[in-house]
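Student: Need coordinates for the following:
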Amino acid sequence: MSTDESPTQNPRGPQPELTDGTIILRPWRDSDIPAALAGHDETIAHWLGSGEVAPSAAAQRAAVERWRAGWAAGPEVASFVVEHEGEVVGSVEVRVVEGRSEGPGGATGELSWTLYAGHRRRGYATRAVRLLIDYALDDHGLGLSRVRARVEPGNEASLRVATRSGLRREGVERVARGTGDRPETTEYVVLARLVDDPPLSDPTHFRTLLNSFLPRKRGIAQMLLRDLQGRVLLCQLTYKQDWDLPGGVVEVGESPRLAVGREVEEELGLEIEPGALLLTDWLPPWSGWDDAICLVFDGGVHDAAIVERIVRQEREIRSVAFLTPEEVRARATDFTARRIEAALAGDRGYTESGR
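Tutor: Numbers count the residues shown, from 1 in each chain. Next up is the predicted model:
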């Protein structure tokens, strides 16, 4: 049906009009189609993976009919025009993607939004997405329990809108090349909000929101143990050829000092109290690993016979030995050797890849 007033069998009644006092979300009208076509540009076509800058009038009209039918179906989709001072500036929608069959309150909706050329960077998208989220999660609205957005990492504008709308970053979803919105898409950032999350005005929400997308740099804690001859204890690892200091990755919420003591006990069977922090070394991305901060703690000076007490965790440690500086250079990567030399010097404080 191609009228502005299509009948609906939706138990929630006609599609509503929503406003925050600045923008209005309302159902599509046939008269909106020319404005939508005029507003499409290369930016929209790029992120939609479209080969054409703008759809045809027939395609846009067919999309409006699908959105009306989607509302009438339950609703399975709620698509709104974004209007400001009587002008169509964009569109926003939420589509039920999972859980509706499990009963009321169990469904997840996926958000999407578009601002037309000439109307960006004015806050309309954030206002529209916030309005739609509130409506989607409200029992008197769509009654969803979760709304999410999937945004390509390079789409910085949409990531900002999602974050400012109160969606928490949950992680990254990988997709096979050719199965995403664009042929080259390989991953999406997933951001979401739950019905029982604190309101945006709650300070707790702001802190958890920031915590969801602020950088989480990997931490590595290592221990420098020496013998009476000045040699350094190194481990030959099972998962790489290079030798390295004993230690490992700091777990979430764990103290680096406790982590290095735990790793030495787990990997070598030695209970050694970590001493002073000798070095903070930044490790750049390398061989598939993200960057990390490595903290080297003093493990003290010991009789070389301590190696006889070692009980190796054979899954990770192939062998252990005290090595001279020359042997360290021969068996470790260059950046590991530089880090050990910097830690032995005792006055470097901070290095990057041992420099």
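
Student: in the protein, what secondary structure element scores lowest on mean pLDDT?
Tutor: Lowest by mean pLDDT, DSSP states H and E among the helices and strands of the chain is helix 203-213, with a mean of 81.

Student: continuing past that one, what's the next helix or strand?
Tutor: Proceeding C-terminally, helix 203-213 gives way to strand 218-227 as the next helix or strand, assigned by DSSP states H and E.

Student: contacting residues around that next one?
Tutor: When contacts are taken as Cβ atoms under 8 Å, 6 or more residues apart in numbering, the neighbours of strand 218-227 outside the stretch itself are 232-233, 244-250, 256-257, 259-261, 263-264, 272, 274, 278, 283, 290-304, 306, 322, 340, 343-344. Placement of C-beta: from N, CA and C, glycine included.

Student: Buried ones from those, can you make that a PyMOL selection?
Tutor: The following PyMOL line selects those of those that are buried, judged by 16 or more other Cβ atoms under 10 Å:
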select buried, resi 232+233+244+245+246+247+248+250+256+257+259+260+261+263+264+272+274+278+283+292+293+294+295+296+297+298+299+302+306+322+340+343+344
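
Student: Inside strands: which ones of the contacts of strand 218-227?
Tutor: Secondary structure assignment by DSSP state E places 232-233, 244, 247-249, 278, 283, 292-302, 322 of those in strands.

Student: could you pull out the helices for the chain?
Tutor: Defined through DSSP state H, the helices belonging to the chain, from first to last, are 33-39, 42-48, 57-72, 124-137, 156-164, 203-213, 256-268, 325-331, 334-345.

Student: I'd like to know which of the ones you listed lies nearest to Ile317.
Tutor: Ile317 lies closest, by Cβ to Cβ, to one member of the helices of the chain: helix 256-268, at 5.4 Å.

Student: State the mean pLDDT of the closest one.
Tutor: Confidence over helix 256-268 (mean pLDDT, whole number) is 96.

Student: count of residues packed around Arg61?
Tutor: Applying other Cβ atoms under 10 Å, we find 17 other residues in the vicinity of Arg61.

Student: That one and Asp30 touch, don't they?
Tutor: Yes. Distance between Arg61 and Asp30: 7.3 Å, which falls inside the contact criterion (Cβ atoms under 8 Å).

Student: thinking again about what came up before, which helices and strands sit right next to the least confident helix or strand of the chain?
Tutor: Identification of packing neighbours for helix 203-213 by 3 or more Cβ pairs under 8 Å, 6 or more residues apart in numbering; DSSP states H and E yields strand 168-174.
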